[in-house]
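Visitor: sequence plus predicted model, see below.
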Amino acid sequence: MVRVRALSIEPVHKSDPIGALAVPADAIQVQRRWVPELDFTYFLSKNLAAELVLAYTKLNVRVTSSAAGAFDAGSFHALPPTLTLQWHFLPDGDIRPYVGAGLNYTRISKVRLSVPTASPIPLDLERNSFGLALQAGVDVKLGGPWYLNFDVKKIQLRADLKDGTGAKLSTVKADPWLLGMGMGYRF
């Protein structure tokens, strides 16, 4: 099965405080965003399937409180391929619910983050994040091989925020909910 979804990324906004900049806990926020998603599902049996989810997006970062006040810190790009093993409860029905669990690997690139001062202070992010992924969804048969799909995932996405010298300032835990809706074609 191949699915194309519109995906809403809903981060949870958890971060460690940064004493030197007077940034309190949970003040570093990855902004929510809609992105396209493509996934491939291979059925290993009638009920058991493996799904590979692919998406690539630019995410904006905002600091809601600091010694310099609130500010937009910049952006980074994320490629978070996620692999889950799914159990499909009613594989022959017109409404096919499923649950899944697996692993997420997020590759962070194009980091353009800084603290806006007279001389901007550059910031960097750890480039790799590994974590767990959970999901639940349903495929609704529309006719022939076509399906309407609704899917919810929870993934772990965490990265260390560093200053220009590479010293760790905070750990940002975006750990987003991914809310998706789209179309699927089952071969």
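Guide: Now that the structure is in, tell me what you want to look at.
Visitor: hmm, residue 151 is touching residue 5, no?
Guide: Yes - using Cβ atoms under 8 Å, residue 151 is in contact with residue 5, at 6.6 Å. C-beta here means a position set from N, CA and C on the backbone, and glycine is covered the same way.
Visitor: overlap in contacts, the two.
Guide: 180-182 (Cβ atoms under 8 Å, 6 or more residues apart in numbering).
Visitor: check the gap between the most far-flung residue of the chain relative to its centre and residue 74 for me.
Guide: Distance from the C-alpha centroid of the chain peaks at residue 118, with 33.0 Å (Cα atoms, centre = their mean). Look at residue 118 and residue 74: by Cβ to Cβ, to the nearest Å, they are 17 Å apart.
Visitor: now residue 98
Guide: Distance from residue 98 to residue 74, by Cβ to Cβ: 37 Å.
Visitor: more neighbours, these two?
Guide: residue 98 (23 against 17; other Cβ atoms under 10 Å).
Visitor: can you pull the contacts of that one?
Guide: Applying Cβ under 8 Å, 6+ apart, the residues near residue 98 are 49, 86-89, 135-139.
Visitor: just the buried members of the residues you listed?
Guide: 49, 86, 88, 135, 137-139 (16 or more other Cβ atoms under 10 Å).
Visitor: what does the closest residue in space to residue 46 that isn't next to it in sequence show for phi and psi?
Guide: Of all residues not flanking residue 46 in the chain, residue 91 sits nearest, at 4.8 Å (Cβ to Cβ, 6 or more residues apart in numbering). With angles defined as degrees, to the nearest 10, residue 91 sits at phi -60, psi -20.
Visitor: what's the burial count for residue 91?
Guide: 15.
Visitor: now swap in residue 111 and tell me
Guide: 20.
Visitor: just the buried positions in the strand or helix carrying it, please.
Guide: For residue 111, the host element (DSSP states H and E) is strand 95-115. For strand 95-115, burial by neighbour count (16+ other Cβ under 10 Å) applies to 96, 98, 100, 102, 104-106, 108, 111, 113-115.
Visitor: what about dumping the CA coordinates of it to PDB?
Guide: The C-alpha trace of strand 95-115 is given here as PDB (Å, rounded to 0.1, in the frame of the first residue of the first chain):
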ATOM      1  CA  ILE A  95     -13.100  -0.100   7.800                       C
ATOM      2  CA  ARG A  96      -9.600  -1.300   8.800                       C
ATOM      3  CA  PRO A  97      -8.200  -0.100  12.100                       C
ATOM      4  CA  TYR A  98      -4.600  -0.700  13.000                       C
ATOM      5  CA  VAL A  99      -2.000   0.000  15.700                       C
ATOM      6  CA  GLY A 100       1.800   0.100  15.300                       C
ATOM      7  CA  ALA A 101       5.100   0.600  17.100                       C
ATOM      8  CA  GLY A 102       8.600   1.200  15.900                       C
ATOM      9  CA  LEU A 103      11.600   3.400  15.600                       C
ATOM     10  CA  ASN A 104      12.100   7.000  14.400                       C
ATOM     11  CA  TYR A 105      15.400   8.400  13.200                       C
ATOM     12  CA  THR A 106      15.500  12.100  12.500                       C
ATOM     13  CA  ARG A 107      18.300  13.700  10.600                       C
ATOM     14  CA  ILE A 108      18.600  17.400  11.300                       C
ATOM     15  CA  SER A 109      20.200  19.700   8.700                       C
ATOM     16  CA  LYS A 110      20.300  23.300   7.500                       C
ATOM     17  CA  VAL A 111      20.400  24.600  11.100                       C
ATOM     18  CA  ARG A 112      20.100  28.400  11.100                       C
ATOM     19  CA  LEU A 113      19.600  29.300  14.700                       C
ATOM     20  CA  SER A 114      20.900  32.300  16.700                       C
ATOM     21  CA  VAL A 115      20.100  34.600  19.600                       C
END
